[in-house]
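Asker: no sequence on this one, just coordinates:
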């Protein structure tokens, strides 16, 4: 009997959601093979999503002068390797401020209340 070991190193797609199971099958065949029942092997691998969210914030005016408009720009980066899902960003306003508007360029929904909240829902939530 001759044994041959083969393998490879693979990188998964980062968009696979947490809890997904991927199945990989291998098949071998030869004309002289007399037992086809053992010619396939299958391996299931569970996916555990790993994200690395980073947030930064900058104000439009430094120093701030009362009565003038002030804009905070908040940037969120998902450094992966998986895509973050159902992300909620909360930005409570400083005492004495009132919300004028909230916007996003990422498809999230934002509310303009005492606590600016932006929510990006990816899983029917």
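Answerer: Yep, it's here. Just so it is clear, the model here is predicted, and its values are computed rather than measured.

Asker: from here on, contacts and neighbour counts on C-alpha atoms
Answerer: Fine.

Asker: got the contact list for residue 56?
Answerer: 74, 75, 76 (Cα atoms under 8 Å, 6 or more residues apart in numbering).

Asker: of all the residues you listed, which comes closest to residue 38?
Answerer: residue 76 (50.2 Å; Cα to Cα).

Asker: my read: the closest one touches residue 55, true?
Answerer: Yes - between residue 76 and residue 55 there is a contact under Cα atoms under 8 Å: 4.5 Å.

Asker: shared neighbours, the two?
Answerer: Counting by Cα under 8 Å, 6+ apart, nothing touches both residue 76 and residue 55.

Asker: pLDDT weak spots in the chain?
Answerer: 1-5, 7, 11-15, 106-107, 111-125 (pLDDT under 70).

Asker: can you map out the strands along it?
Answerer: 21-27, 40-46, 53-59, 72-78, 87-92, 109-111, 115-120 (DSSP state E).

Asker: Redo the ones you listed as CSV? Include distance to residue 100.
Answerer: Shown next, in CSV, are the strands of the chain (distance: least, Cα to Cα, whole Å):
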stretch, distance to residue 100
strand 21-27, 45
strand 40-46, 45
strand 53-59, 15
strand 72-78, 12
strand 87-92, 13
strand 109-111, 10
strand 115-120, 10
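
Asker: closest one to residue 102 among these?
Answerer: strand 109-111 (5.9 Å).

Asker: which residue of this structure sits farthest from its center?
Answerer: Largest separation from the mean C-alpha position in the chain: residue 32, at 48.4 Å (Cα atoms, centre = their mean).
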